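Q: I would like the atomic coordinates for the input below:
(one chain, ligands or ions: 1)
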Amino acid sequence: IFSGPISFLKSAPQLQFLPDPSVPEIAFAGRSNVGKSSLINALTNRNGLARTSNTPGRTQELNFFDVGDPLIFRICDMPGYGFAKAPPKTVKKWRYLINDYLRGRQVLQRTFVLIDSRHGIKDTDKDVLDMLDKAAVSYRIVMTKADKVKSDALAKMAEQVEAEARKHPAAHPELLITSSEKKQGIEDLRLAVLESVQS
Ligand code: GDP
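A: I've put the predicted structure just below:
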């Protein structure tokens, strides 16, 4: 599936621009700079499919990608969050968009929440996990940039993150540990994605 056709469909700055809920969907969420674009590109084996979002406030949109032709499922790339300099108005807008999307999107099978292996779960991440719990959207935590930390530190961080995940009712307790740079854990992520759209 990931070596077949995958293409950018559209950006939705507001809910009325969402694509028709005709196929299962999965979403990717994470703080700005967590490595979300790189991971989506590694997952789909395409450079530049998902674009990096280094400018605060610029990617306040849900970006959709079609997988398969005929269409099998969609990937939603959610706008990054947690930008220190983001104006309160931007944060508020982000919250409304994400909350409405999570609560209203019946085709959404699972969200993958990306956590930087160096930083672990921050308050803004907890906020998102709470939103997912409340919307009853199942999610799975994906550690990114695993190549940036030594294996003992990674194991310790993974333990902490897993302990936090266990407190959240909608979280799948098993972490995925990845590095887009070293193409680590990408095959497991692909399996996890397929598993969530097929069930
Ligand atoms: P986004 O803002 O979440 O979409 O993050 P990007 O994918 O743009 O990545 C942010 C920065 O982290 C970029 O400089 C990437 O090159 C770097 N990066 C992303 N993934 C990895 C990884 O697995 N390992 C390393 N070492 N760097 C990464």
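
Q: the most centrally placed residue in the chain bridge partners, please.
A: With distances taken as CA atoms, centre = their mean, Phe28 lies nearest the centre of the chain, 1.7 Å away. Counting by DSSP bridges, Phe28 is bridged to Asp77, Phe112.

Q: and it, how far is that from Asp66?
A: According to CB to CB, to the nearest Å, Phe28 and Asp66 sit 15 Å apart. In short, each C-beta sits where N, CA and C put it, glycine included.

Q: for Val91, give me phi and psi.
A: The phi and psi torsions at Val91 (degrees, to the nearest 10) take the values phi -60, psi -40.

Q: neighbours of it, how many?
A: If you count neighbours by other CB atoms under 10 Å, Val91 ends up with 15.

Q: okay, the nearest residue to it once chain neighbours are set aside and the ligand: tell me how far apart.
A: Leaving out its chain neighbours, the residue that sits closest to Val91 by CB to CB, 6 or more residues apart in numbering is Tyr81, at 7.8 Å. Separation of Tyr81 from the ligand (CB to the nearest ligand atom, to the nearest Å): 10 Å.

Q: my guess is Tyr81 meets Val128, correct?
A: Yes: counting by CB atoms under 8 Å, Tyr81 does reach Val128; the two are 6.7 Å apart.

Q: all helices of this structure, in order?
A: Remark: helices assigned in the chain by DSSP state H are 36-44, 88-104, 123-135, 151-165, 186-198.

Q: confidence-wise, which of the ones you listed is weakest overall?
A: Per-stretch mean pLDDT for those is lowest at helix 88-104 (a mean of 92).

Q: helices or strands up against it?
A: Under the contact definition 3 or more CB pairs under 8 Å, 6 or more residues apart in numbering; DSSP states H and E, helix 88-104 sits against strand 108-116, helix 123-135.

Q: now do 6 Å
A: helix 123-135 (3 or more CB pairs under 6 Å, 6 or more residues apart in numbering; DSSP states H and E).

Q: which helices and strands does the helix it packs on pack with?
A: Using 3+ CB pairs under 6 Å, 6+ apart, helix 123-135 sits against helix 88-104.

Q: compute the inter-axis angle for the helix it packs on and helix 123-135.
A: Angle, helix 88-104 to helix 123-135, by axes from the mean of the first three to the mean of the last three CA atoms, to 10 degrees: 30 degrees.

Q: take the helices of the chain and lay them out in CSV including distance to Pro19.
A: Below are these laid out as CSV (distance: least, CB to CB, whole Å):
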stretch, distance to Pro19
helix 36-44, 17
helix 88-104, 12
helix 123-135, 19
helix 151-165, 30
helix 186-198, 15
